[in-house]
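Q: Test case, fold it:
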Amino acid sequence: MQPLIEITTVPIEIQMKVTNARLEYARGTAQMEVSRDKGGLSIRSRPIRVNIDTFEARSSVMPTTPQVIQQSAQRGQQAAYQATAVMAQQGRVMMEAKINQDVIPQLAKQQNIGQPTNVNIQFLPEGGADLSWEGGELSIQYEMDKLNFDWRMNQMQFTFVPGDIEFTMTQRPDVIIKYVGGPLYVPPSADPEYEPVDVKA
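A: Model (predicted):
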């Protein structure tokens, strides 16, 4: 006897779609500013310098008041020393003089003999000018132009996109029950192919 019912099971069908996480970069903008520093040429020149000091020459011709006082004091001091020496020498000669000896003409003769004759001739100015000099100087300074680059960049921006999992059910689960037998007759004797059952055997 064949089965009358055929049962078929239909499984569920699910489609899964996965989207990975990613990091998106928003490109920033940049600005550049250029500035220029100008150089230049600098030349500095200083000529030679001659220093002429004529103080001593002018002082010998026309001394200043302090110099006149100092020179007069030196001459007076020198004359006092010389007079003291002469008086000491003459006094000694007079003390050693003998009787009937004429000392005064002898002293006058010694004083005039051997002494240079002073005619008060003087060459002016006595001293020359003092000359000194400083060398010249030449300084050249050259500086090239300078370019300055200033970069200004905006802040970089990153956007995080999270991942995603998507489930799609393409087929629902199901159970199919199918009757595969023939028709049922009530009463069974109504079946054209009915054969009575022999219960006597």
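Q: Flag the shaky bits of the chain, pLDDT-wise.
A: 1, 28, 90-124, 199-201 (pLDDT under 70).
Q: Do you have the strands of it handy? List them.
A: 5-10, 13-19, 22-26, 30-37, 40-46, 49-53, 130-134, 137-143, 146-153, 157-161, 164-171, 174-179 (DSSP state E).
Q: Any idea which of those gets closest to P63?
A: strand 49-53 (15.9 Å; CB to CB). In this view, the C-beta of every residue, glycine as well, is placed from N, C-alpha and C.
Q: Between strand 137-143 and that closest one, find me the angle.
A: 150 degrees (axes from the mean of the first three to the mean of the last three CA atoms, to 10 degrees).
Q: gap between strand 49-53 and the chain center?
A: Between the centre of strand 49-53 and the centre of its host chain there is 42 Å, according to CA atoms, centre = their mean, to the nearest Å.
Q: Describe which strands it pairs with in its sheet and in which direction.
A: Strand pairing for strand 49-53, determined by DSSP bridges: strand 130-134 (antiparallel).
Q: just the CA coordinates of the partner strand, formatted as CSV?
A: Extracted in CSV, the C-alpha atoms of strand 130-134 (Å, rounded to 0.1, in the frame of the first residue of the first chain):
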residue,chain,number,x,y,z
ASP,A,130,103.1,117.7,15.5
LEU,A,131,101.5,115.7,12.5
SER,A,132,99.5,112.5,12.9
TRP,A,133,97.1,110.8,10.5
GLU,A,134,94.3,108.2,10.5
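Q: thinking again about what came up before, a markdown table please, covering the strands of the chain and showing distance to P63.
A: Converted to a markdown table, the strands of the chain look like this (distance: least, CB to CB, whole Å):
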| stretch | distance to P63 |
| --- | --- |
| strand 5-10 | 144 |
| strand 13-19 | 115 |
| strand 22-26 | 96 |
| strand 30-37 | 62 |
| strand 40-46 | 36 |
| strand 49-53 | 16 |
| strand 130-134 | 17 |
| strand 137-143 | 38 |
| strand 146-153 | 64 |
| strand 157-161 | 94 |
| strand 164-171 | 116 |
| strand 174-179 | 145 |
